[in-house]
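Enquirer: give me coordinates for this.
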Amino acid sequence: MGAGHHHGHDHGHGHTHGHDHAGAARHDARRLALTLVLQAAYLVAEVVGGYMANSLSLLADAGHMLSDVAALALSLFAVWIAQKPATSRRTFGWYRTEILAALANAATLIAISIYIFYEAWERLGAPEPVAGAIVVWVAVGGLLVNVVGAALLHGGREHSLNIRGAWLHLMTDAAGNVGVIVGGVMVWAWGLAWADPAMSVLIGLLVIWSSWGLLKDSVAVLLEGTPSHIDVEAVRVAVTEVAGVESVHDLHVWTISSGIEAVSCHVVVGGRDERRASGEILADVHQVLRQRFGLNHLTVQIEPRGFQELDCVLTMTLPRLSLRLAALAFAGFGVALLVRPALMDVLGIELSRGAAVTEIRAFYGGLELGLALFFALASTRDEWLRPALFAQAAALGGIVLARLIGMVVDGSAEPLVLFFLAVEGTGAVLGAVAFRSLHVRSGDAKGPGDAQIHPH
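Expert: Residues are numbered from 1 along each chain as shown. Got it, this is the predicted structure:
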């Protein structure tokens, strides 16, 4: 090693892990394909049954099953493309596609829940006659199909976020079937028209509760957060306990895809014979990381005492990107609020509200442009990142809550409002996860010999 430094990049586990992952992927593909066929076949039956029974809840459940079919197709595609080999352009291959599929599944489930709440509110105000007997029998058939599909996917949900997302779709749809059955029986036997929308609300709450963890885990992987079962401080301590290791810095632990976790670190060594000792130390560090923490994708840089790098602190790309997207969104909303009266005047459209409302719009437009400027400036200053990300999550989360309350009070939802809701909700989640990721991984550097953990 001499005056230089030594990299230990271990892919020795590649063949074993690759074969295991490929075998699991083939099993997952077979499970998904069979479940997809069952779901698609019963989707047709549920649509016909809902039309014959004049049941909005059954048709809504058919819409949920349609989302299941789409989710299963997406998951199957993700399993297939994830098996494609790595290239010089995509050195990690296509593993992340399954995480994207899991994220899409979770977001779809939450969106469906919001739609269920809206429809339930509408139906409570204007209930319609429903053929309860048809509803019950069709829902029973759907429940059986979903239970069979969930049983097929159960074996793969522990090792794959993608399969877990598809399994959650089926389980929540099965819960929806139970709600439809109970509501159908109450309508059929006792004529209780409110039972159907009431059950829908309970189902929606269950869907949100079950999908939130999947959404959080998927976003954490995409933001390259530390896996929840890994204690970075324990990893640092374990590596520094290896004989010959003086300190550890630039320690990063992240997830490439379900079951594939990686670690990189710089290890400072010293001793009588650094050339000989570095190889031995590297082997010992690999052994500790594999045996104690189950980490197999290892990149360890061995450095001699006193070695200095030009720039060993990575720029915080993801938190900054989150703030810049928030700045762009607020700028767009602010401009839209400010130009709306002028645009209406140019188009010759008379505003239905008074001058006071126009002044309020101008005030909020200026406020949102101010927030856009703040987030844009904060993205350029490291010391502002954490409070700015917190402000992003809080501000957008508050706006989302206000919009949802307004939709419930007004009893309607314009397409543009739904679009704004989706953008603001995404920004709130992204800001919250980026804040959490930055908080967890920044660590407290106690000195030049301690681990300094930066967003990877």
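
Enquirer: can you pull the contacts of the nearest residue to residue 188 once chain neighbours are set aside?
Expert: Among residues not flanking residue 188 along the chain, residue 132 sits closest, at 2.6 Å (CB to CB, 6 or more residues apart in numbering). (Glycine included, C-beta is placed from N, CA and C.) By CB atoms under 8 Å, 6 or more residues apart in numbering, residue 132 lies in contact with 53, 184-185, 187-189.

Enquirer: and if you look at residue 177?
Expert: With contact set as CB under 8 Å, 6+ apart, residue 177 has these partners: 61, 139-140, 142-143, 146.

Enquirer: in the host helix or strand of residue 210, what's buried?
Expert: Using DSSP states H and E, residue 210 sits in helix 195-222. Buried residues in helix 195-222, counted by 16 or more other CB atoms under 10 Å: 195-204, 206-208, 210-211, 214-222.

Enquirer: swap in stretch 398-412?
Expert: Buried residues in stretch 398-412, defined by neighbour count with 16+ other CB under 10 Å: 399-400, 403-404, 407.

Enquirer: before we move on, the earlier item: what element comes up after the helix holding residue 210 heading to the C-terminus?
Expert: Proceeding C-terminally, helix 195-222 gives way to helix 232-240 as the next helix or strand, assigned by DSSP H and E.

Enquirer: please pull up the helix or strand immediately following the longest strand seen in the chain.
Expert: Identified as the longest strand of the chain according to DSSP state E is strand 245-257. On the C-terminal side of strand 245-257, the closest following helix or strand by DSSP H and E is strand 260-269.

Enquirer: point out where the stretch 201-350 of the chain drops to low pLDDT.
Expert: Low-confidence segments of the stretch 201-350 of the chain (pLDDT under 70): 271-277, 308-317, 337, 339-350.

Enquirer: if you set the cut-off to 50 instead, what comes out?
Expert: Residues of the stretch 201-350 of the chain that meet the criterion pLDDT under 50 lie in 311-315, 344, 346-350.

Enquirer: narrow the contacts of residue 177 to those that are buried.
Expert: Among those, those classed as buried by 16+ other CB under 10 Å are 61, 139, 142-143, 146.

Enquirer: other SSEs contacting the helix holding residue 210?
Expert: In terms of contacts (3 or more CB pairs under 8 Å, 6 or more residues apart in numbering; DSSP states H and E), helix 195-222 is packed against helix 56-82, helix 97-125, helix 161-190, strand 245-257, helix 415-442.

Enquirer: again, 7 Å this time
Expert: Helices and strands touching helix 195-222, by 3 or more CB pairs under 7 Å, 6 or more residues apart in numbering; DSSP states H and E, are helix 97-125, helix 161-190, helix 415-442.

Enquirer: tell me the angle of that helix relative to helix 56-82?
Expert: Using axes from the mean of the first three to the mean of the last three CA atoms, to 10 degrees, the direction of helix 195-222 lies 20 degrees away from that of helix 56-82.

Enquirer: just to revisit the earlier point, adding mean pLDDT and distance to residue 330, write the helices and strands packed on helix 195-222 out as CSV.
Expert: Below are these laid out as CSV (pLDDT from 0 to 100; distance: least, CB to CB, whole Å):
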stretch, mean pLDDT, distance to residue 330
helix 97-125, 80, 22
helix 161-190, 81, 31
helix 415-442, 73, 9
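
Enquirer: of the ones you listed, flag the one that's most buried.
Expert: Neighbour counts (mean count of other CB atoms under 10 Å) averaged over each of those peak at helix 161-190, with a mean of 24.
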